[in-house]
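Undergrad: With the sequence up front, the predicted model follows.
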Amino acid sequence: MRIRAMKKQSQNKPNLLDAQMNVNKVLTKDYKNVPLRRRGENKPNQTQPVVSLSNLFQRQKNAQSFCPKTGKSPESNSKLHWLTWLFPIGGLLALLWFLIRVVPKPSRAAYPCQRVAFPLASGFIVWLTAALGSIAAIRRAKRSFAQSRYVLCVILVAVSVGALWLAQNATTEKVLLANEPAANAPIGIAKGIHPGRVVWVHDPDATDWDGPGDGHWWQSNHTNQAGVHKMMGRSIQALTGKPNSAAAWDALFRHFNKTHGKGNVGYKSGEKILIKVNYVGCSKSWRNREVTNIRDYNLRSLNYMNTSPQMIIALLRQLVDEAGVKEADITVGDTLSYFPNEYYNMCHDKFANVRYLDYVGKFGRTAARSSSVPFYWSTPDAAGKTTDYLPASYARADYLINLANLKSHNDQAGITLCAKNHYGSLVRKPARARGYYDMHKDLPFNTPGNGRYRPLVDLMGHKHLGGKTLLYLIDGLYAGKHAKESSPRKWNSAPFNGDWSSSLFASQDPVAIDAVGFDFLWNEWDDAPHRSGTNDYLIEAALADNPPSGTFYDPDHKGNVVRLASLGVYEHWNNPTDKQYSRNMGRALGIELLKLRGTVGSTTTSAPSTNNNKEIPQVVGTASKL
């Protein structure tokens, strides 16, 4: 009876496996017997006899995978899932490439391609080690928890989290700061009547502004036009060593013409002069609409550190009254920006026949137009890009004067001085049009380190830009931080001591003047000027004939035809207190910094005497006509 009951119970127990196999056989047989055009109709029912919990969840997921509004499936985003493998695969390939190339010959580690591969490879190793360590720790923690070893479990979880944190911290991009450059180690070939000479005029009486809330720094009651006139005249005379401004300008023109194959001749009536100012604070897009209202030309950022109208007026006064240039032969402006009403009215009231250049060319201004003179970037990244062309006013000019500003550049370049001023010396319509070479990708914030291609060198060396530049000036009346702050800030270092920078720098050497400006900015602020690679363009320019990057700098030709020669001399001063360069110490090479402070008659320069200072000829004469 017991055996019979067990058989009956066994017969009543369902055999799900056999049932499933039998159903599958029937469905397979039925599917195979269906005509070809109908085979897809029965196939979806194969799984109906056995419905598991996972299948039920999968059905619910599929049922919810369509948007009720659009009827589209969001699963199309799955096409981008491969991006999650981009870093591991790229890191592995970079590691393999680094090992294959560098292990047999370690000196290859200095190659540009290996300097790019190494950070990616090392980041991959750190990421992989931390990931594997975290996974192993979590698995051990699970086993410890199951064995009631709670203390060990907590420790292992902490180890896992710490490994992930290490991977994140090690692979997160960090700001790369540079070490201070070596002092008094000049490179390159100095330029100028007095090679490598940079004149620094500091007159605190030229500025009198209490900051935002006290009107605006460019207003006549806050910036002393008479004082700025004197600063401009003194700088030109000290730069050339001449006793008056007329003689100083004649010396500048004659030196330029001699060094450019035109003979020992001065300025000739009718020759054109272009003054490039920095109005990046006046860059504005009108979104392709017609500009019909003069109020569109009002300053948007009222206290931004643009080239001061007082400096422009002082320079125009020198050219017209001392150098004998007609107003109509002078063009001043920035092709990237608009010439704001506030500055225009001040300048136009005194020099009505000067051409005031800007991007749009409305309300008495002259619009920037492109010429047929091409500009070529000396990098493979520019291949296939739209060709840049110089503005027509640059192509027509016989001489250029680069009037820049004393500013740090807190989002791209570290500093913005005479070289960076030429980012506003091209004509792109619209200004941020696509298709052109991206001038910002090779600046130090995006490409840190030294020995890299720097587009600033091309701008400094083009025959219609740096090649035509008669004089380099840096307006340092109100220094500031570009892109970070909208108004200037006072300086704490000596001799400024909590006041405005109130300075003007002048030179015939484009590398030397930016080198001095870099030293002042480096000493005053510890952020952007200290970014790695900030001074790299100065090294590349000084050694343009054989730069550390290996770049064949030739902005005048399509392809490598004529390599640029050295564009000037670079070095770092001895210390922020003495501010001495090699020529101040009696050496035959390097930079010479002349320091002119306060009122006329207090001109001094550092020299290798016992007191480190000596008097130079007093700078007097017709410094200005007020």
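TA: It's in.
Undergrad: host element of N450?
TA: Secondary structure from DSSP states H and E places N450 outside every helix and strand.
Undergrad: so who does the spatially closest residue to A565 that is not a sequence neighbour touch?
TA: Distances taken as CB to CB, 6 or more residues apart in numbering place D545 nearest to A565, at 5.1 Å, with adjacent residues excluded. Where you see a C-beta, it was placed from the backbone N, CA and C, and this is true even at glycine. Residues in contact with D545 (CB atoms under 8 Å, 6 or more residues apart in numbering) are 563-566.
Undergrad: If any of the residues you listed are buried, put those into a ChimeraX selection.
TA: With 16 or more other CB atoms under 10 Å as the burial test, the buried ones among the contacts of D545 are selected in ChimeraX as follows:
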select :564,566
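Undergrad: Mind picking the one among the contacts of D545 that's closest to G266?
TA: Distances from G266 to the contacts of D545, taken as CB to CB, are shortest for A565 (25.1 Å).
Undergrad: I figured the closest one hits A544, correct?
TA: Yes: counting by CB atoms under 8 Å, A565 does reach A544; the two are 6.5 Å apart.
Undergrad: re earlier: does the residue nearest to A565 sit in a helix, a strand or a coil?
TA: With DSSP: H, G, I helix; E, B strand; the rest coil as the basis, D545 sits in coil.
Undergrad: Show the model's pLDDT score for it.
TA: Model confidence at D545, given as pLDDT, is 97.
Undergrad: Next one: it from T551, what distance?
TA: To T551, D545 is 11 Å away according to CB to CB, to the nearest Å.
Undergrad: hmm, back to that, nearest to L459, of the contacts of D545?
TA: The nearest one, if we look at those relative to L459 and count by CB to CB, is L564, at 11.3 Å.
Undergrad: and the closest one, what helix or strand is that in?
TA: Per DSSP H and E, there is no helix or strand for L564.
Undergrad: And the pLDDT for it?
TA: The model's pLDDT for L564 equals 98.
Undergrad: Could you measure from it over to R369?
TA: For L564 relative to R369 (CB to CB), the value is 27 Å.
Undergrad: ditto for D556
TA: Here the criterion is CB to CB. By it, D556 lies 21 Å from R369.
Undergrad: again, but for K362
TA: 14 Å.
Undergrad: Same check on S283?
TA: From S283 to R369 the distance is 18 Å (CB to CB).
Undergrad: and which of the contacts of D545 is nearest H229?
TA: Nearest member of the contacts of D545 to H229, counting by CB to CB, is S566, at 34.6 Å.
Undergrad: Please name the residues that touch the closest one.
TA: 188-189, 541-545.
Undergrad: Mind doing that once more with 10 Å?
TA: 187-191, 461, 511, 541-547 (CB atoms under 10 Å, 6 or more residues apart in numbering).
Undergrad: Return the list of strands paired to the strand ranked longest in the chain, each annotated with direction.
TA: When the chain is parsed with DSSP state E, its longest strand is strand 469-482. Strand 469-482 has its sheet partners listed here by DSSP bridges as strand 399-409 (parallel), strand 503-507 (antiparallel).
Undergrad: Any idea how far the helix or strand just after the first one is from the middle of the chain?
TA: Reading on from strand 399-409 to the C-terminus, the next helix or strand found by DSSP H and E is strand 414-416. Chain-centre distance of strand 414-416: 8 Å, with CA atoms, centre = their mean, to the nearest Å.
Undergrad: Kindly report the same for stretch 132-148.
TA: Centre to centre, stretch against its chain (CA atoms, centre = their mean), the figure for stretch 132-148 is 48 Å.
Undergrad: where exactly do the strands run in the stretch 201-350 of the chain?
TA: 273-276, 330-333 (DSSP state E, counting those that start in this stretch).
Undergrad: now the helices for the stretch 151-300 of the chain?
TA: 225-240, 245-259 (DSSP state H, counting those that start in this stretch).
Undergrad: mind checking how far E592 is from Y279?
TA: From E592 to Y279 the distance is 31 Å (CB to CB).
Undergrad: In terms of neighbours, single out the busier of those two.
TA: Counted by other CB atoms under 10 Å, E592 and Y279 do not tie: E592 has more neighbours, with 26 against 23.
Undergrad: Give the closest residue to that one in space, chain neighbours not counted.
TA: R583 is the one closest to E592 (CB to CB, 6+ apart), at 3.5 Å.
Undergrad: Next, find the distance separating the one you found from P510.
TA: In terms of CB to CB, R583 sits 17 Å off from P510.
Undergrad: And S502, by the same measure?
TA: 23 Å.
Undergrad: go on, N278?
TA: 15 Å.
Undergrad: and what of P212?
TA: 33 Å.
Undergrad: And for S235?
TA: For S235, the distance to P510 - CB to CB - is 16 Å.
Undergrad: When these two are compared, which one has more neighbours?
TA: Shown here are S235 and P510; by other CB under 10 Å, S235 has more neighbours (29 against 26).
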